[in-house]
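*Asks:* After the sequence you'll find the predicted model.
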Amino acid sequence: MGTTQLDTVPEPKYWHLRTVLSEALDSEFSVGEILPNERDLAARFGVARATLRQALEQLELEGRLQRRRGVGTTVAPPRMGVDVGSEQHAWPGAAGDAWRSVDCTVAVPPAAVADILEVGHEEQVHTVRRSRVTHGQPVAAELLYVPASSVPALSGIDAASGAARARAVLRELQRLSLETQDRAVELGSARADDAKELDRLPGAPVLVVTTRFYAEGRIAAVSAATYRADTCRLTFGDTGGVEIHHDPERRAS
C-alpha cells in the first residue's frame, strides 16, 4: 500500500481515503489479512487518525473490513447472499444445506414464535441451534423451532441433546411433505448470545431472517436466522437457499 498525500483532494478526505483503501484491499490484500495499525496508516497517507478512523468505519459498514477483538482490523470475506426471493423450497438439513447442527434443547419458545406455531405460551418445543461459517469465520446463527406435533415419531432413544439430537429432529421433520415456505427480513441488533457466536459486540447490526415452513396445512416449523450485517447482503432470485458469492473483482457499493 503506497504513500498517498490527500491534502489537495476536493472531496472529503475520509471519503477519498476510503476509495484509495478499497482499491488497495482488492489489489494488495487477501481475505483475513490484518491491516497495519492506525498510526502507520495515518502517517503513510498523511491524514489525521480521526480521518483514518472515519474511512475504516465506512469500509467496515460496507463489509470490506472486520474489526475482530484481540486481532485487529482484517480484510472481510465476500458477503453472503441471503436469497429472499426463491421459488424453490427445502427443509433445513436437506441435501446441499451448508448449515452445521450445534445443539438441540426442549424449551418454551418466545411468545411471538409460539403464536406463529399456534402452540400454548407454556408449551415446550424442540429448539435446534445451527451455525454457518465461511472462510473460517462465523457469519450466521439460527434457531429452528419445531413443535412435537411436527415430529411425532421422534424416538426417546435418540440423544437427549446436542448435535446428534438436532440431526434427529431434522431427519424427522423431513418426513413431512413441505408445501411452501415464506421469509421475512428485518434489520436488528445482536443479542448477547448471538453476538458471542458471531464474534461481534452486543448491539452490532444484524439481519434477522424469519422463515415459516408449511406442511399439512399448517406452520410446521419456524426458523429465526441471524446474519452478520457486515458480511451479508440480500439477493432476489430463484436459486434457493443461501448462496456464497465469490467475486475477486467485487467493489463495495
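*Replies:* On my side now, so go ahead.

*Asks:* Which elements pack onto the biggest helix by length in the chain?
*Replies:* In terms of residue count, the longest helix belonging to the chain (DSSP state H) is helix 13-28. When contacts are defined as 3 or more CB pairs under 8 Å, 6 or more residues apart in numbering; DSSP states H and E, helix 13-28 sits against helix 49-61. All C-beta spots, glycine's among them, are computed from the backbone N, C-alpha and C.

*Asks:* again, only using 10 Å
*Replies:* Secondary-structure packing of helix 13-28 (3 or more CB pairs under 10 Å, 6 or more residues apart in numbering; DSSP states H and E): helix 38-45, helix 49-61, strand 65-68, strand 72-75.

*Asks:* wait, R191 sits on L201?
*Replies:* No. Taking contacts as CB atoms under 10 Å, R191 lies outside contact range of L201: 11.5 Å.

*Asks:* Show me where the stretch 51-200 of the chain has its strands.
*Replies:* 65-68, 72-75, 80-83, 100-107, 125-134, 137-146, 178-189 (DSSP state E, counting those that start in this stretch).

*Asks:* Give me whichever of the ones you listed is most buried.
*Replies:* strand 137-146 (a mean of 22; mean count of other CB atoms under 10 Å).

*Asks:* In the sheet, which strands lie alongside that one, parallel or antiparallel?
*Replies:* Its sheet considered, strand 137-146 pairs with strand 125-134 (antiparallel), strand 218-228 (antiparallel) by DSSP bridges.

*Asks:* Find me whatever residue is spatially closest to D199, sequence neighbours aside.
*Replies:* Closest residue to D199 apart from its sequence neighbours, by CB to CB, 6 or more residues apart in numbering: P138 at 5.8 Å.

*Asks:* which residues touch the one you found?
*Replies:* S131, R132, D194, K196, E197, L198, D199, R200, R228, T231 (CB atoms under 10 Å, 6 or more residues apart in numbering).

*Asks:* any idea how far it lies from Q66?
*Replies:* P138 sits 11 Å away from Q66, going by CB to CB, to the nearest Å.

*Asks:* Between the two, which contacts overlap?
*Replies:* Common neighbours of P138 and Q66 (CB under 10 Å, 6+ apart) are D199, R200, R228, T231.

*Asks:* can you list these in TSV and add pLDDT?
*Replies:* Shown next, in TSV, are the shared contacts of P138 and Q66 (pLDDT from 0 to 100):
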residue	pLDDT
D199	83
R200	80
R228	86
T231	76
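
*Asks:* Quick check on the residues you listed: which are buried?
*Replies:* D199, R200, R228, T231 (16 or more other CB atoms under 10 Å).

*Asks:* The last one touches V75, doesn't it?
*Replies:* To tie it back to what came earlier, the one meant is T231. No. Using CB under 10 Å, T231 is not in contact with V75, being 11.7 Å away.

*Asks:* quick one: common contacting residues for these two?
*Replies:* Q66.

*Asks:* Quick check: the gap between H135 and R68.
*Replies:* Distance from H135 to R68, by CB to CB: 13 Å.

*Asks:* pLDDT weak spots in the stretch 151-253 of the chain?
*Replies:* Scanning the stretch 151-253 of the chain for pLDDT under 70 picks out 156-160, 236-253.

*Asks:* Helices along that one, start to end?
*Replies:* Applying DSSP state H, counting those that start in this stretch to the stretch 151-253 of the chain gives helices spanning 162-173, 192-198.

*Asks:* Show me what the last one is in contact with.
*Replies:* It stands for helix 192-198. 102, 129, 131-132, 137-143, 188-191, 200-204, 206, 208, 224, 226-228, 230-231.
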